[in-house]
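Peer 1: could you work out the structure for the sequence below:
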Amino acid sequence: MLQILALLLGITSGKVYFKDDFSSDPFDSNRWVQSSWKQDTEEAGKLEYSGGLWGAGDRGGIRTTEDAKFYAFTAKVDEEFDNSDADQLVFAFSVKHEQKMDCGGGYAKLLPPGIDVASFNGDTDYSIMFGPDICGYSTKKVQAIFNYNGENYLRNNDVKCPDDEYTHSYMLIVNKDQTYEIRVDDEEPTKGNMKEDWSFEKPKMINDPDQSKPEDWVDDEQMDDPEDVKPSDWDDEPANIADPDATKPDDWDDEEDGEWQAPQIDNPEYKGEWKPKRIDNPDYKGPWEHPQIANPDYVEAKDVQKRGPVGYIGVEVWQVKAGTVFSDFILTDSVEEAEAFLSERKTNQDDEKAAKEAYDEANKPEPVEDDASEDDSSETEEDHDEL
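Peer 2: The predicted structure follows:
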């Protein structure tokens with residue numbers, strides 16, 4: 001009851017390790033720092049402080065601006081967060097692909113302390129990578145990748161992400177008991193156990209490599225009846241016969257048209273290919289099951305929920321079309337804190353749609369006058385007058 005009352009009053013008890021609503025320029029105070037990665041080759045795109053070309057209300061964010069470029073930028077958390085003893089790790093942020101993303105990332109990473117933010121790149125170690133990933137028709141999913149013992153593990157099954165032009169929130173909850181939640185906006189969350197939905201462990205049991213199915217193993221449940229014999233008159237009837245109702249046309253000329261033949265039709269008396277009856281196989285032993293043995297490579301994955309100390313939040317993506325706005329980041333040990341923040345920052349999609357329509361209307365191209373058509377029209381009138 002106290003927890004419900006606290007939520008109604010906007011009171012939360014968790015600790016927030018990072019929160020940014022982008023109410024001020026993130027680059028002025030170096031709150032967010034763009035990496036120098038690929039700057040020398042001009043493969044890195046420019047970032048700007050912007051809520052987008054259109055939007056609902058006064059919203060800020062970090063926006064990508066150049067097509068077919070790499071983007072890498074980081075922010076240091078207010079205090080290092082190690083969730084080893086915490087009940088929850090909650091990471092959330094908002095993404096708006098106002099360019100209608102065709103291929104590119106919109107995900108973010110939780111990074112360890114001590115990284116070189118100046119050279120932050122795609123090879124930099126991370127603890128979690130989370131957020132939308134879109135490319136063509138086949139890839140429209142929420143990435144949720146955990147690093148464990150130096151390897152990155154993707155979720156075994158995809159969680160779908162929106163692919164429209166509007167703002168959407170993404171939240172990842174990692175619980176102390178190794179359960180998790182992935183939330184997209186207010187949709188039904190995806191829940192489960194981390195060890196069941198990520199392949200941190202190799203299987204405990206494997207097929208015995210020294211065993212194979214015996215050559216004389218009979219796994220056919222039925223067999224042809226050896227005593228069943230094809231009737232002697234089975235093949236007397238052909239598959240097709242001449243149509244008995246067909247008649248030679250009156251205008252048919254044998255000398256010019258050749259000898260007339262009635263068209264062929266299916267023979268109703270034809271019995272088809274003969275097959276013996278099937279009977280139960282007396283030698284049937286059932287399906288052969290490969291004997292299992294303990295997997296010598298199995299190692300129990302322990303404490304997969306522990307994400308180690310988090311020192312930075314980073315975004316490292318490549319985009320075919322630019323125009324993505326990243327905003328409303330929060331890292332906390334309390335889902336209530338994250339819910340309260342995202343609820344406060346939530347956009348109204350109807351307002352966003354209206355803003356987009358207004359922007360499109362204001363920026364639609366001017367109709368092009370066809371000078372050639374006008375000239376042709378004048379010439380036609382002159383020619384007509386001369387006539």
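Peer 1: please count neighbours and contacts with C-alpha atoms only from this point.
Peer 2: Noted.
Peer 1: now Ser327: phi and psi?
Peer 2: phi -160, psi 170 (degrees, to the nearest 10).
Peer 1: again but with Phe326, I slipped
Peer 2: Phe326 adopts backbone torsions of phi -100, psi 130, taken as degrees, to the nearest 10.
Peer 1: number of nearby residues for it?
Peer 2: 26 (other C-alpha atoms under 10 Å).
Peer 1: per-residue pLDDT, it?
Peer 2: Looking at Phe326, its pLDDT stands at 97.
Peer 1: what's the answer for Glu98, then?
Peer 2: So Glu98 comes in at 92 (pLDDT).
Peer 1: could you list the low-pLDDT ranges of the chain?
Peer 2: For the chain, applying pLDDT under 70 flags the ranges 1-12, 369-387.
Peer 1: which ones are touching the residue lying closest to Ala294 once chain neighbours are set aside?
Peer 2: Spatially, and ignoring its direct neighbours in sequence, Ala294 is nearest to Met205 (4.6 Å; C-alpha to C-alpha, 6 or more residues apart in numbering). Shown in contact with Met205 (C-alpha atoms under 8 Å, 6 or more residues apart in numbering): 292-295.
Peer 1: a markdown table please, covering these and showing neighbour count.
Peer 2: As requested, the contacts of Met205 are arranged in a markdown table below (neighbours: other C-alpha atoms under 10 Å):
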| residue | neighbour count |
| --- | --- |
| Gln292 | 13 |
| Ile293 | 12 |
| Ala294 | 12 |
| Asn295 | 14 |
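Peer 1: save these as a markdown table, and put in secondary structure too.
Peer 2: Output for the contacts of Met205, formatted as a markdown table (DSSP: H, G, I helix; E, B strand; the rest coil):
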| residue | secondary structure |
| --- | --- |
| Gln292 | strand |
| Ile293 | strand |
| Ala294 | strand |
| Asn295 | coil |
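Peer 1: ok, of the residues you listed, which one's closest to Pro367?
Peer 2: Using C-alpha to C-alpha, Asn295 is the member of the contacts of Met205 that sits closest to Pro367, with 70.5 Å.
Peer 1: secondary structure element holding the most centrally placed residue in the chain?
Peer 2: What sits nearest the mean C-alpha location of the chain, by C-alpha atoms, centre = their mean, is Lys141, with 2.2 Å. Assessed by DSSP states H and E, Lys141 sits inside strand 139-148.
Peer 1: I'd like the distance from the helix or strand following that strand to the chain centre, please.
Peer 2: In the C-terminal direction, the helix or strand that comes right after strand 139-148 (DSSP H and E) is strand 151-154. Its chain's C-alpha centre and that of strand 151-154 lie 16 Å apart, by C-alpha atoms, centre = their mean, to the nearest Å.
Peer 1: next, the buried residues of the helix or strand following strand 151-154.
Peer 2: Downstream of strand 151-154, the first helix or strand assigned by DSSP H and E is strand 167-175. Residues 167-175 are the ones in strand 167-175 that count as buried (16 or more other C-alpha atoms under 10 Å).
Peer 1: any idea how far the residue nearest to His97 when sequence neighbours are not counted is from Gly51?
Peer 2: Leaving aside its sequence neighbours, His97 sits nearest to Thr324 (C-alpha to C-alpha, 6+ apart; 4.5 Å). Distance, Thr324 to Gly51, using C-alpha to C-alpha, to the nearest Å: 9 Å.
Peer 1: which one of these two has more residues nearby?
Peer 2: A count of neighbours by other C-alpha under 10 Å puts Thr324 above the other of Thr324 and Gly51, at 26 against 22.
Peer 1: can you show me the helices along the chain?
Peer 2: Under the criterion DSSP state H, the chain contains helices at 2-8, 194-197, 254-257, 335-345, 349-362, 371-386.
Peer 1: what's the fifth one in contact with?
Peer 2: Taking C-alpha under 8 Å, 6+ apart as the criterion, the residues outside helix 349-362 that touch it are 53-56, 166-167.
Peer 1: regarding the chain, what is its longest strand?
Peer 2: Longest strand in the chain by number of residues, with DSSP state E as the criterion: strand 69-82.
Peer 1: not counting its own residues, what contacts it?
Peer 2: So strand 69-82 is in contact with 17-18, 31-35, 37-38, 43-47, 64, 113, 117, 120-121, 306-320, 322, going by C-alpha under 8 Å, 6+ apart.
Peer 1: filter these to the buried ones?
Peer 2: 17-18, 32-35, 37-38, 44-47, 64, 117, 120-121, 306-320, 322.
Peer 1: my guess is Phe120 contacts Trp37, does it?
Peer 2: Yes: when contacts are counted by C-alpha atoms under 8 Å, Phe120 is listed as touching Trp37 (6.6 Å).
Peer 1: show me the strands in the stretch 1-150 of the chain, by range?
Peer 2: Taking DSSP state E, counting those that start in this stretch as the criterion, the stretch 1-150 of the chain carries its strands at 16-20, 32-34, 47-49, 62-64, 69-82, 88-97, 103-105, 108-111, 128-135, 139-148.
Peer 1: okay if I get the ones you listed as CSV plus distance to Lys364?
Peer 2: Shown next, in CSV, are the strands of the stretch 1-150 of the chain (distance: least, C-alpha to C-alpha, whole Å):
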stretch, distance to Lys364
strand 16-20, 34
strand 32-34, 33
strand 47-49, 24
strand 62-64, 22
strand 69-82, 26
strand 88-97, 20
strand 103-105, 25
strand 108-111, 34
strand 128-135, 27
strand 139-148, 29
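Peer 1: since that was my last question, I'll sign off now.
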